[in-house]
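J.: pasted the sequence and its predicted model underneath.
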Protein chains: 2
Amino acid sequence: LGIATAEFVPVQGPDELAGAVKKLGLPAILKTCRMGYDGKGQWLLRTADDVARAKSQMPEGLQRTTYASDEAPCVLERMVAFSRELSILAVRSRAGEIVFYPPVENHHREGILRLSLAPAPQLNAKTQTAAEDIARRVLEALDYVGVLAIELFECDGKLLANEMAPRVHNSGHWTIEGAVTSQFENHLRAVCGFPLGSTVAIGHSAMLNLIGDVPNPAEVLCIPDAHLHLYGKSPRPGRKLGHVTLHAGSNKLLAERLADLPAFFQRPIFCLDSALKACSGSASASAL
Amino acid sequence: LGIATAEFVPVQGPDELAGAVKKLGLPAILKTCRMGYDGKGQWLLRTADDVARAKSQMPEGLQRTTYASDEAPCVLERMVAFSRELSILAVRSRAGEIVFYPPVENHHREGILRLSLAPAPQLNAKTQTAAEDIARRVLEALDYVGVLAIELFECDGKLLANEMAPRVHNSGHWTIEGAVTSQFENHLRAVCGFPLGSTVAIGHSAMLNLIGDVPNPAEVLCIPDAHLHLYGKSPRPGRKLGHVTLHAGSNKLLAERLADLPAFFQRPIFCLDSALKACSGSASASAL
């Protein structure tokens, strides 16, 4: 579709890995082409040992039967020195109407989304238009109906498509309180053949994922403009158990809300430092 | 509790009705003290025929056993020439914390709520404080936990308590999109023993009840900032099947949204004329 991505080499099976590594060099990331999430289906390859381990773990045989004949089960991707990760949520109705939520800035730790800022701070109109163009091309090429999220790396003002999620997406949970119409309502409007709702953001939101454990609800609910969502799932390391959306009239106020969060959220895993930098306009680096 | 109401006479049973009518005069309204809603459990008495019919229909015997010994099953109330009906939703937590949503202006037809404007237009601070005082007295006297709604008549700048609903209330449905925390979330926060959420209104809302029939969803969903709620109930005359919340940044814009509603809502039953008057600052009369 003419959408820029990281440089990559298809990998049909374990036997092709060494050749792909030779072609791209290290560090690189081996990814399954489908069903990856939260760092699952990804191998970060920095050393020969990493390559050997990935080779023994990557899918082959049985899994391959679920793929189209011209599709590799994996790709090896060159590492990208991105300045930040953005995502764009787009919605297409049965009638072909397309709307976009404002792009979001995402912060990950251990391959899992930890925090999203919406709308993405310091986003220029050119980048926003570029993100919308990418999403529109995908939606139209797939004759897609519903919400679709595309994760994008921002590098030197350019966008590289990273992954796409053909569904409502974690980086769109802020829309429940932070947009006129939530991603969930717009997904239903789309698949039911109704007109789509406004995607305008109401103020500024930060969405924090609750992964592995949850705070004392009272500590969150006493924060002004904080909304707590618990999914009723049993705790397990790395499992998304809920999220908190903070809401504010400006990024400055949002930064204050983030800085005031109780101790539970002050652990490095919540990415508060990089979020605070982003909200106050400094450059921020999102670690893998 | 020292809360002003319409002048009324307790009516222990059918035999006491004639005496009560003699005392208060006509027109008057006979009301059951409990479980009334949507005009059910109410008899508007204008003529001797009305009195005779109410006497044959009003509860006695069996129903009386469900009441406390010092409580009449009915009251006869003198008609009140109110300028408008307001309601206030208040929330009290287990810890005794109390918060109030801004009072709402309600418009009825045939004894059923048709439209609410939130916050109530042209409400002065004195009336708002008076409404909060009434609600606070009730919440504290009952050691109440959760959301409670009190319907109030505004007469010459004074408030008369009309009915109360010890639960989330139809006139609070606008809070789903129109307030920082919805009445439903605050009810759960209260009964779960959590801190209560902000009751601040976001912009201006109009809530229209869908009673007896529902519009084509597409006709509502194409309206900017309209939110459609369908309850999944089978249609029946007089039955609440859903509601629509319109949202705007100002009452002027809200009036424009109301005026632009599709034909379905232009029937007199939706009270658009009186709502438009209220939004644009004219005096409005809410018919029973």
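T.: All right, it came through fine. Residues are numbered from 1 along each chain as shown, chains lettered A, B, ... in the order given.
J.: what sits against residue A:246?
T.: Residue A:246 sits next to A:205-208, A:223, A:225-226, A:254, A:257-258, A:261 when contact means C-beta atoms under 8 Å, 6 or more residues apart in numbering or on different chains. For glycine as for every other residue, the C-beta is placed from the backbone atoms N, C-alpha and C.
J.: buried subset of those residues, written for ChimeraX?
T.: Only the buried members of those end up in this ChimeraX selection, burial being decided by 16 or more other C-beta atoms under 10 Å in any protein chain shown:
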select /A:205,206,207,208,223,225,226,254,257,258,261
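J.: closest one of the contacts of residue A:246 to chain B?
T.: The shortest approach to chain B among the contacts of residue A:246 belongs to residue A:225, at 6.1 Å (C-beta to the nearest C-beta).
J.: ramachandran angles for the closest residue to the closest one other than its chain neighbours?
T.: Using C-beta to C-beta, 6 or more residues apart in numbering or on different chains and skipping residues adjacent in sequence, the residue nearest residue A:225 is residue A:247, 4.2 Å away. When quoted as degrees, to the nearest 10, the phi and psi of residue A:247 stand at phi -130, psi 140.
J.: pLDDT weak spots in the stretch 1-150 of chain A?
T.: Low-confidence regions of the stretch 1-150 of chain A, defined by pLDDT under 70, span residues A:60-70.
J.: quick check: residues of the stretch 101-250 of chain A near chain B?
T.: Residues of the stretch 101-250 of chain A lying near chain B by C-beta under 8 Å from any C-beta of the partner chain: A:180-181, A:189, A:192-195, A:197-198, A:202, A:217-218, A:221-222, A:224-225, A:227, A:247.
J.: show me which of these are buried.
T.: Members of these that pass the buried threshold by neighbour count (16+ other C-beta under 10 Å) are listed as A:180-181, A:189, A:194-195, A:197, A:202, A:217, A:221, A:225, A:227, A:247.
J.: between the two ends of stretch A:159-176, how far is it?
T.: With C-alpha to C-alpha, to the nearest Å applied, stretch A:159-176 spans 27 Å between its terminal residues.
J.: hmm, back to that, look up the pLDDT of the residue nearest to residue A:225 for me, please.
T.: pLDDT for residue A:247: 94.
J.: how about the strands in the stretch 1-150 of chain A?
T.: Read by DSSP state E, counting those that start in this stretch, the stretch 1-150 of chain A holds these strands, from start to end of the chain: A:8-11, A:28-32, A:42-45, A:74-78, A:84-92, A:98-100, A:104-109, A:112-118, A:146-155.
J.: hey, what's residue A:10 bridged with?
T.: Counting by DSSP bridges, residue A:10 is bridged to residue A:75.
J.: hmm, it is touching residue A:32, no?
T.: No - in terms of C-beta atoms under 8 Å, residue A:10 does not count as a neighbour of residue A:32; the distance is 11.9 Å.
J.: of those two, who's got more company?
T.: residue A:32 (19 against 14; other C-beta atoms under 10 Å in any protein chain shown).
J.: which ones are touching that one?
T.: Residue A:32 makes contact with A:41-42, A:58-59, A:73-74 under the criterion C-beta under 8 Å, 6+ apart.
J.: sorry, back to before: tell me which of the residues of the stretch 101-250 of chain A next to chain B fall in strands.
T.: A:227, A:247 (DSSP state E).
J.: how about the helices in chain A?
T.: Across chain A, reading from the start of the chain, the helices by DSSP state H fall at A:17-24, A:48-57, A:125-141, A:175-178, A:183-191, A:217-221, A:251-259, A:272-279.
J.: out of the ones you listed, which one sits most buried?
T.: A comparison of those by mean neighbour count, using mean count of other C-beta atoms under 10 Å in any protein chain shown, puts helix A:175-178 on top with a mean of 24.
J.: just how off-centre is that helix within its chain?
T.: How far helix A:175-178 lies from its chain's middle: 17 Å, per C-alpha atoms, centre = their mean, to the nearest Å.
J.: for residue B:89, find the nearest of the strands of the stretch 1-150 of chain A.
T.: Distance to residue B:89, taken as C-beta to C-beta, is lowest for strand A:112-118 among these, at 29.5 Å.
J.: any idea how far residue B:163 is from the residue nearest to residue A:225?
T.: The spacing between residue A:247 and residue B:163, counted by C-beta to C-beta, to the nearest Å, is 34 Å.
J.: same check, this time on residue A:170
T.: Relative to residue B:163, and taking C-beta to C-beta, residue A:170 is found at 44 Å.
J.: more neighbours, the two?
T.: Taking other C-beta under 10 Å, residue A:170 and residue B:163 do not tie; residue A:170 has more neighbours (19 against 16).
J.: what sits against the closest residue to the more buried one other than its chain neighbours?
T.: Using C-beta to C-beta, 6+ apart and skipping residues adjacent in sequence, the residue nearest residue A:170 is residue A:113, 5.3 Å away. When contacts are counted by C-beta under 8 Å, 6+ apart, residue A:113 touches A:38, A:106-107, A:170-171, A:209.
J.: please redo it, this time with the cut-off set to 7 Å
T.: Contact criterion C-beta atoms under 7 Å, 6 or more residues apart in numbering or on different chains gives A:106, A:170-171, A:209 as the residues in contact with residue A:113.
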